[in-house]
Every structure is written in C-alpha cells, then in structure tokens.
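Enquirer: Got a predicted structure here, sequence first:
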Amino acid sequence: MTVADQNTPRRYLDRRTWLKGLAFGAASVLEASVSKRDWSGKNPIRYPDPDIVVLDKRFAQYKLGNTPIQRLHTGTLWAEGPAWNGVGRYLVWSDIPNDVQYRWLEEDNHVSIFRNPAGNSNGNTFDYQGRQISCEHGNRRVVRYEYDGTITVLAETWQGKRLNAPNDAVVHPSGDVWFTDPGYGSLMHYEGNKGPLEIKEAVYRIDANSGNMTMVTDDIYKPNGLCFSPDYKKLYIADTGSSHYPEASKEIKIWDVVNEKLLQNGKRFVSMELEGVGIGQADGIRADVDGNIWSSAGWVGDGYDGVHIFAPDGTRIGQIRLPEMCSNVCFGGRKRNRLFMTGSQSLYAVYVEAQGAHIA
C-alpha cells in the first residue's frame, strides 16, 4: 500500500482486475471500426478519409475532405507528450519505456533521437520563451531545458516529500507552469522507477516569478492531461483514476480559473463513453481557438481508440479513428492547423480546419 492510499479512503484496484475490465470493454465494441488501410502510405486512402468521422454537424467545418490521416513514424513502445516548436518547425515527443525523446522535422519528415536519456519523460511543452519543459517519470520532477542545454529543475518535492511522477504540463501567459502528478511512472519499472507514491495525486502550479509551487486541486483521482480554454478562464483535466480506483468515473473535468492562480467550481465536462461502442479513457487534451476540446482516447479498441472532439457545451461532435490507442495530441505546423497524435507505438498527423489555441 502506498502513502497515497493510506491518506485516502479510496479502494485501490488491482491492475489485473482493471485489465480484465478493459478486455470486456473491447469485446463490446460494435461494428464501427477503423477502415482497412495501408498505414505505410504506399497505397493512398480514398478521399474523404473514412476514419475522420462527423458525429455532429458542427464538426463538418473542421473536417477537410481531401486530407488523409498519416502515420509519420512507428516503432516506439509507449509514445507520449507531443509538443510543437514553432521556431524550429519540429515536433518533439517521448518514448517513455525506451527513455528517449524523438524529434520529427517538418522540412523532410526526418525522425531522430533528440535526447537519450530523457528521465523517462512523459508530457512535454514549450514556454513563451521557446524553452522546452518536460515531466520526468523516472526522476519524479518537472524540468526546463535552457538555451545552453543545461537543465533547470522546476519542481521535484511538495512539503518535503518527493513528487509521484509528473505527467503533463501547460504554460499560462503569465509564465506559470501548471502540471499533473498522477504517479503512473512510479507504479512500474517499465515507465520509470517503481516506488511508493509519497503524496496524494494532485495538480500544481509553479509561479514564474518566485518558483514556488501551489497545489491547485487534489479533488481528482488521477489527474492526467490538461489544457486551458482559449481565454485561459477554464482548465480542463482528464481523470484516469479508474485505472486504479474502481469508484472513479472515466471523464474530463472542468474548473474556473480564478485570478490566473486558483481553481474553483470543479465539475464533470464530459463522460468518455461513446454510446454503442464502449467507455475508455481520455489522456492528453488540447483546445482549439473556437473552444473545442480535442482529446486522445483509448483502452477500448477498434472504433473507439483515437481522438474524440467535444464542443464547448460538451457535445461529442467528431472522431478521428486510429488503429491503436491514442495517448496525447497537440496542434502544430505553420498555421497550427495540423493535429499530431501519439499512439501507443506510432506518431500520426492530420490537417484540420481547426487551429490550436495555445503554444504546444
């Protein structure tokens, strides 16, 4: 039993039990499935791409009729944390088990190892000065890479105890860094270094001026991906707590951001149940300029896994279906209208008529 378990009445769910539940969910998937296609790109897909699905007429304006979903790279073990660097015109992402970060170059589709080792990094983003910020599972910390290549540790302890395993991060225009700490990287050697969770799972803010940390909420089972609304007045957080807590709902939650520093009025934004197909998990999430939320989704199977798109009122309006679980997303490209998606073993991209609301 971890310290986090001792400090909360939540009943811990054995991972094997959870996997059995996922298998049941996958078995319940109906005929809505990913089209049969050659993901190598050698045999082109017929337009319009059948795996970009309009569920509500509002999504039609964001779907391009003559663009395909492309697999840009494959061969990772668990891909995560895509982040777009606008100056360098490259995408960086993590392969957590292999302890590396990869870089994809827009100019020629070249992929190379960017950092090795990388602290079993998960989520990545860039701040308003163009510096990369990474959440390291293996070292239980949040770091920033400086212009000269040195590393600045932004967060590694809370009230004298180690962080669990920071997961994902976003940057506010004030310069403050907000991040989640659900602890997955400390639950297994595969994605970090196995060890006890020393503090309760929570969400934190790092003040840009003082460097001080503030817990903004622990009213969530396992906070995972997060993003602001376009005006930064709302914060969305994916709760993946059902992976270990049976009473947790599979949902994305929403809070009001007060004075750019605090959270209030937390409530459910959407359930991750896709009617007639199954109920899986959200993971990484991003907002577009119109306030729609683009959420990675998985842990169900064919016809569910990929990206689910929600209107600001919570209606699921569209879906991008992938042949594997999707762990995270980000907008990039010169017009910020290219959606990059990390699958379990691959990196995908598709052009859309939406534009990302924030820096990666």
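Expert: Right, received. Where do you want to start?

Enquirer: quick one: low-confidence parts of the stretch 1-150 of the chain?
Expert: Where the stretch 1-150 of the chain drops to pLDDT under 70, the residues are 1-32.

Enquirer: Strands of that one, start to end?
Expert: Assigned by DSSP state E, counting those that start in this stretch, the strands in the stretch 1-150 of the chain fall at 52-54, 70-74, 79-85, 90-95, 100-105, 111-115, 121-126, 132-136, 141-145.

Enquirer: what's the longest one in contact with?
Expert: Around strand 79-85, the neighbours that count as contacts under CB atoms under 8 Å, 6 or more residues apart in numbering are 90-96, 121-126, 130, 132, 134-135, 168, 284, 327-333, 336, 340-347, 356, 359-360. For the C-beta atoms, the positions are set from N, CA and C on the backbone; glycine is no exception.

Enquirer: just the fourth one next, same as before
Expert: For strand 90-95, the external contacting residues (CB under 8 Å, 6+ apart) are 76-85, 100-106, 114, 118, 121-124, 132, 134, 328, 330, 332, 340, 342, 347.

Enquirer: Make a ChimeraX selection of the buried ones in the residues you listed.
Expert: In ChimeraX, a selection of the buried entries from the contacts of strand 90-95 looks like this (16 or more other CB atoms under 10 Å):
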select :76,78,79,80,81,82,83,84,85,100,101,102,103,104,106,114,118,121,122,123,124,132,134,328,330,332,340,342,347
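
Enquirer: Residue most distant from the centroid, this structure?
Expert: Most distant residue from the mean C-alpha position of the chain: Asn43, 30.1 Å away (CA atoms, centre = their mean).

Enquirer: Once you drop chain neighbours, what's closest to the most centrally placed residue in the chain?
Expert: Centroid-nearest residue in the chain: Gly284, 1.6 Å away (criterion: CA atoms, centre = their mean). Once flanking residues are discounted, Gly284 sits nearest to Asn328: 2.9 Å by CB to CB, 6 or more residues apart in numbering.

Enquirer: does the one you found really touch Asp283, like I thought?
Expert: Yes. Asn328 is in contact with Asp283 according to CB atoms under 8 Å; the separation is 5.9 Å.

Enquirer: Show me the common contact partners of these two, please.
Expert: 225, 296.

Enquirer: Phi, psi for Ser242 please.
Expert: phi -70, psi -10 (degrees, to the nearest 10).

Enquirer: Report how far apart the opening and closing residues of stretch 275-292 are.
Expert: 20 Å (CA to CA, to the nearest Å).

Enquirer: What are the buried residues along that stretch?
Expert: Going by 16+ other CB under 10 Å, stretch 275-292 has these buried residues: 277-288, 292.

Enquirer: Rebuild the strands of the stretch 1-150 of the chain as a markdown table, extending it with distance to Glu198.
Expert: Output for the strands of the stretch 1-150 of the chain, formatted as a markdown table (distance: least, CB to CB, whole Å):
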| stretch | distance to Glu198 |
| --- | --- |
| strand 52-54 | 43 |
| strand 70-74 | 36 |
| strand 79-85 | 23 |
| strand 90-95 | 23 |
| strand 100-105 | 26 |
| strand 111-115 | 26 |
| strand 121-126 | 18 |
| strand 132-136 | 16 |
| strand 141-145 | 13 |
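
Enquirer: Ok, which of the ones you listed comes nearest Ser229?
Expert: Across the strands of the stretch 1-150 of the chain, Ser229 has its closest neighbour in strand 121-126 (16.5 Å, CB to CB).

Enquirer: what's the neighbour count on Gly138?
Expert: Gly138 has 20 neighbours, counted by other CB atoms under 10 Å.

Enquirer: Please report the distance of it from Val203.
Expert: In this view, Gly138 and Val203 are 21 Å apart by CB to CB, to the nearest Å.

Enquirer: again, but for Thr214
Expert: 10 Å.

Enquirer: Those two: who's more crowded?
Expert: Val203 (24 against 14).

Enquirer: Look up how far Ser242 lies from the more buried one.
Expert: Counting by CB to CB, the gap from Val203 to Ser242 is 18 Å.

Enquirer: And for Leu72?
Expert: 31 Å.

Enquirer: neighbour count winner among the two?
Expert: More crowded of Leu72 and Ser242, by other CB under 10 Å: Ser242, with 23 against 15.

Enquirer: Identify the residues contacting the closest residue to the more buried one other than its chain neighbours.
Expert: In space, and not counting its chain neighbours, Ser242 is closest to Ala248: 4.4 Å by CB to CB, 6+ apart. The neighbourhood of Ala248, defined by CB under 8 Å, 6+ apart, consists of 10, 221-222, 239, 241-242.

Enquirer: sorry, back to before: residues in contact with the residue nearest to Gly284?
Expert: Contact analysis of Asn328 by CB under 8 Å, 6+ apart lists 79-82, 93, 123, 168, 225, 283-284, 296, 341-342.

Enquirer: Identify the bridge partners of it.
Expert: Thr342 (DSSP bridges).
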